[in-house]
Each structure stands twice: as structure tokens, then as C-alpha cells.
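S.K.: Let me see the structure of the following:
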Amino acid sequence: MAAELHRLDLGGGLLFAAVYVIATVVLAPGSLFTIAAGLVFGLGWGLPIILVGATIGAALAFLIARYLVRDRI
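M.R.: Numbering: from 1, shown residues only. Next up is the predicted model:
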């Protein structure tokens with residue numbers, strides 16, 4: 001039972017981080033996702049999940065702006 005719960009937490013964290021990356025790229029309000037991560041995962045897991053998601057999302061948004069939509073902007 002404990003192994004299954006840990007696996008769900010890890011999968012949920014990865015899914016949440018992926019949603020956070022997408023939200024960062026499409027300029028959704030990050031504060032809502034940050035608060036939700038703290039409520040769902042707690043400070044111990046919520047903080048690393050948010051840091052990873054925000055960092056990857058910001059890097060991806062930068063790369064999209066630099067290489068894919070540079071001419072439009």
C-alpha cells in the first residue's frame with residue numbers, strides 16, 4: 001500500500017509539473033498553481049515541483065520566443 005501511494009505521489013508530481021510548464025508557456029497565472037501545489041503536495045514536495053516546472057516552462061517560453069515566433073515579434 002505504501003509503495004502504491006508513493007508511486008501515485010511521484011506520478012502526480014510529474015503531471016503537476018508538466019501542467020505548470022504548459023501554464024507558464026501560455027502565460028497563465030502562476031500564483032494559482034503555486035498555491036495549489038503547496039496545498040496538494042505540502043512544502044517539502046510542492047517547492048521542488050514548482051521550481052522544476054517554472055524553470056523548464058520559462059526556458060521553453062524563451063526558446064519558443066527566440067526561435068519559433070521571432071519574426072512575428
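S.K.: can you give me the helices in the chain?
M.R.: Using DSSP state H, the helices of the chain run over 2-25, 30-63.
S.K.: Where among those is average confidence lowest?
M.R.: Mean pLDDT across the helices of the chain is lowest at helix 2-25; the value there is a mean of 80.
S.K.: and that one, what other elements does it pack with?
M.R.: On a contact count with 3 or more CB pairs under 8 Å, 6 or more residues apart in numbering; DSSP states H and E, helix 2-25 meets helix 30-63. Every residue, glycine included, has its C-beta placed from N, CA and C.
S.K.: Just the buried residues of the helix it packs on, please?
M.R.: Buried residues in helix 30-63, counted by 16 or more other CB atoms under 10 Å: 30, 33-34, 37, 41, 45-46, 49-50, 53-54, 56-57.
S.K.: Tell me which other helices or strands it touches.
M.R.: helix 2-25.
S.K.: Tell me what angle the helix it packs on forms with helix 30-63.
M.R.: Counting by axes from the mean of the first three to the mean of the last three CA atoms, to 10 degrees, helix 2-25 points 70 degrees away from the direction of helix 30-63.
S.K.: Show residues contacting helix 2-25.
M.R.: For helix 2-25, the external contacting residues (CB atoms under 8 Å, 6 or more residues apart in numbering) are 30, 33, 37, 40-41, 45, 49-50, 52-54, 56-58, 60-61, 64.
S.K.: about what we covered before: could you export the helices of the chain as TSV, including distance to D71?
M.R.: Listed next are the helices of the chain as TSV, based on distance: least, CB to CB, whole Å:
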stretch	distance to D71
helix 2-25	19
helix 30-63	15
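S.K.: and R70, what is it in contact with?
M.R.: By CB under 8 Å, 6+ apart, R70 has no neighbours at all.
S.K.: if I look at it, how far off is F62?
M.R.: 11 Å (CB to CB, to the nearest Å).
S.K.: From D71, how far off is A65?
M.R.: Distance from A65 to D71, by CB to CB: 11 Å.
S.K.: out of these two, which sits in the busier spot?
M.R.: Between A65 and D71, A65 has the larger neighbour count (other CB atoms under 10 Å), namely 13 against 5.
S.K.: List the residues that contact the more buried one.
M.R.: A65 neighbours (CB under 8 Å, 6+ apart): I73.
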